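Chemist: A structural model of the following input is requested.
(one chain, ligands or ions: 1)
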Amino acid sequence: MLKRLRVLVVAVVVLAALLAAAAPALAVHRPTRVMIVVMDQMQPGYAKQYNMTNVLMLQNKGVNFPTAWVGDMASETVVSHNVMVSGLFPKHMGWSDEAFRDVDNILGYGENAIVTSGDLGTAAYVKLIENMDYPKLGDYLKATFPDAVVANVGQKGYQVESMAASSSDFWVRMGSAKATTTLADPSVVPWVGKYRGPSGQLPTYIASDTRFLISAGNATDAYGTNATAPAWIYPEDGRYAPSEYAGHESGDAWVADAALKIIDNETWSGLWVTFSAIDKIGHMWGGGAVDTPATYNWDPNDFLQDSIHMPWVAKNADNQLGRLIAQLKAKGQFDDTLIIVTADHGSTYGAGEGFKGVNALNAGNNLNWYAGAWHAGSSTESTSTGSPNIKPLMDTGNVEFSYQSTAIETWLKDRTGAKKREAAAVMETLPGVIATYIKDGDRYKLYSSSSAMTAQERLWWAATGQQLVDTMCFSGSADLVGLLADKVSYGAFGDHGGAQKDVQRIPMAWYMPGMKHAVNNAKMRLVDMMPTVLKTMGIKATEPMDGMAYSLRLPK
Ligand SMILES: [Zn+2]
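Modeler: A predicted model of the protein is given here:
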């Protein structure tokens, strides 16, 4: 990484000299800052459906990509966030899924240990990135604007720290739950019980601000979702709903407040902001158009009850985006800031027949999603039997670990050809499986496809299936992959991770004041974001990326 950075610095200095020499010819007004706003799990249709006026404004005034898609697998939070700022397919990142086999023991759990990516922290992500040796968007920004900081904010550790790792100056996420009695002065919060504070690489004005202490992990923080199917599979815990305690708002307002403080206090060039409440609500009730007032006890006078459902949460995420835009305007930064609004993946809705997991309290984490044995960021191995629908696969006795969401990815103990085919022959019979692949070197080979696909599923799968599974294929990726039919999920009612259209399709809007509005029907992918940012900012890429740069018409 150090070697790469040195090359970067030299290249940028040379580029700056060239730019200075050519200045009169370059009449366009380039941004000097970029703000990436990730609406975790947002389907493109939410913008209109939930009247997200700020997202719509950016789409209608900037460059909108209505057919944008993730364009890789696994379509997971911990994967996509680093794709956006590396320009690389997951197979080149160091981890390409919710779990990976650490073939070379980079993390120290042992050779070939199965490690769950979402349980790692910054230091581990940095090791994986350094092993693959690639620069990230933050590296280029810091080489170009050495006096400006790059910072990340979001609710979740793995989302913020994977994206920040190796290239950000600050990152702010919610820390683990602790007792309020452990606070130096417990009276700084108006409740007794558990709280979470900010964690990460914190600027002092956030670390010392008691506003960022939230109520999380207490019985009242679930708003009943832990007693209500299907939300109880992955219930609210206080990190996504806004909370009843004024001055200690949680959810997306917490994220926006931290981002506003950074904008206020820093000279910055890159700010990555992830709003996660849409993702939480989508997992609990099902993504898409299902979470409408008709499906639950809608009470227009009780915003806390509303706030665990999509209409309120989507609108609130948009309101928080509006606060960021207002702050950029107030600080005189709006005209020089490139704003991107996108999502790390979409969502599908596997209710009723489509849901293949167990519908019970907390069944999501270590029963529905994970099966087998794995290292959750520690030397102790965790284990799970998995849910009944994957029992035939587990019964082969050859599964080391299996992850099932809207795809099934399975790491085998015995990876000889015959044993892989034997397990694939079981995988293809699991409910909802439409195509089964076996890893063969640096690609996946189709083992079988199902005749039960609908015409629409077949069309999408034929156009995208092979390329999507190949984007995650590396030495540490799963030995078998099973793609699932539309509206099938194994983890929670709303889920992602696979290749389905609903899961792959994402919003993608690029905006800078004065830029030429366009609706671009090219299928922009997450991997195209970083090359496009670099091109838009006039920064020359010195290392290869998997994505391609789009041209945006900048103002003069
Ligand atoms: Zn996500």
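Chemist: For the closest residue to the ion within the chain, give me its contacts.
Modeler: Proximity of the chain to the ion (CB to the ion) peaks at Thr77, 3.0 Å away. Heads up, the C-betas are built off the backbone N, CA and C, glycines and all. Shown in contact with Thr77 (CB atoms under 8 Å, 6 or more residues apart in numbering): 40, 118, 156, 158-159, 279, 344-345.
Chemist: again with Ser387
Modeler: Shown in contact with Ser387 (CB under 8 Å, 6+ apart): 356-358, 363, 367-368, 371, 404, 490.
Chemist: Now do stretch 163-180, average pLDDT.
Modeler: Mean per-residue pLDDT for stretch 163-180: 98.
Chemist: what does stretch 308-315 give?
Modeler: For stretch 308-315, the mean pLDDT works out to 91.
Chemist: And for it, what's in contact with it?
Modeler: 42, 46, 49-52, 223-225, 231, 236, 240-241, 251-252, 277-278, 280-282, 284-285, 291-293, 296, 298, 303, 306-307.
Chemist: burial measure for the residue nearest to Ala27 when sequence neighbours are not counted, as a count.
Modeler: Ranked by CB to CB, 6 or more residues apart in numbering and with sequence neighbours excluded, the top spatial neighbour of Ala27 is Lys556, at 5.4 Å. Here the count is done by other CB atoms under 10 Å, and Lys556 has 7 residues near it.
Chemist: got it, and Ser489?
Modeler: By other CB under 10 Å, the burial measure for Ser489, its neighbour count, is 32.
Chemist: what do you get for the one 4 residues further on?
Modeler: In terms of burial, Phe493 registers 29 neighbours under the definition other CB under 10 Å.
Chemist: From Gly288, how far out is it?
Modeler: 10 Å (CB to CB, to the nearest Å).
Chemist: Ok, Tyr370 next?
Modeler: For Tyr370, the distance to Gly288 - CB to CB - is 25 Å.
Chemist: More neighbours: the two, which one.
Modeler: Using other CB under 10 Å, the more surrounded residue of Tyr370 and Gly288 is Tyr370, with 25 against 19.
Chemist: The residue nearest to the more buried one when sequence neighbours are not counted pairs with what?
Modeler: Spatially, and ignoring its direct neighbours in sequence, Tyr370 is nearest to Ser384 (5.1 Å; CB to CB, 6+ apart). Beta-bridge partners for Ser384, by DSSP bridges, are Gly372.
Chemist: where does this protein come near the ion, residue by residue?
Modeler: 40, 77, 279, 344 (CB under 5 Å from the ion).
Chemist: May I have the beta-bridge partners of Pro198?
Modeler: What pairs with Pro198, by the bridge criterion (DSSP bridges), is Met174.
Chemist: Can you give me the pLDDT of it?
Modeler: pLDDT, read off for Pro198, is 98.
Chemist: Next up, the contacts around it.
Modeler: Neighbouring residues of Pro198 by CB under 8 Å, 6+ apart: 172-175, 206-207, 212, 258.
Chemist: Filter these down to the buried ones and express that as a PyMOL selection.
Modeler: Listed next is the PyMOL selection for buried residues among the contacts of Pro198, using 16 or more other CB atoms under 10 Å:
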select buried, resi 172+173+174+175+206+212+258
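Chemist: picking up where we left off before, which one of the contacts of Ser387 sits in the busiest neighbourhood?
Modeler: Tyr490 (33 neighbours).
Chemist: how near is that residue to Ala407?
Modeler: From Tyr490 across to Ala407, the span is 9 Å (CB to CB).
Chemist: what's the answer for Gly386, then?
Modeler: 15 Å.
Chemist: Where do the helices of the stretch 401-550 of the chain begin and end?
Modeler: 417-427, 455-470, 501-504, 529-537 (DSSP state H, counting those that start in this stretch).
Chemist: mind putting those helices in JSON lines, mean neighbour count included?
Modeler: As requested, the helices of the stretch 401-550 of the chain are exported to JSON lines (neighbours: other CB atoms under 10 Å):
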{"stretch": "helix 417-427", "mean neighbour count": "17"}
{"stretch": "helix 455-470", "mean neighbour count": "17"}
{"stretch": "helix 501-504", "mean neighbour count": "23"}
{"stretch": "helix 529-537", "mean neighbour count": "22"}
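Chemist: Good, we can wrap up now.
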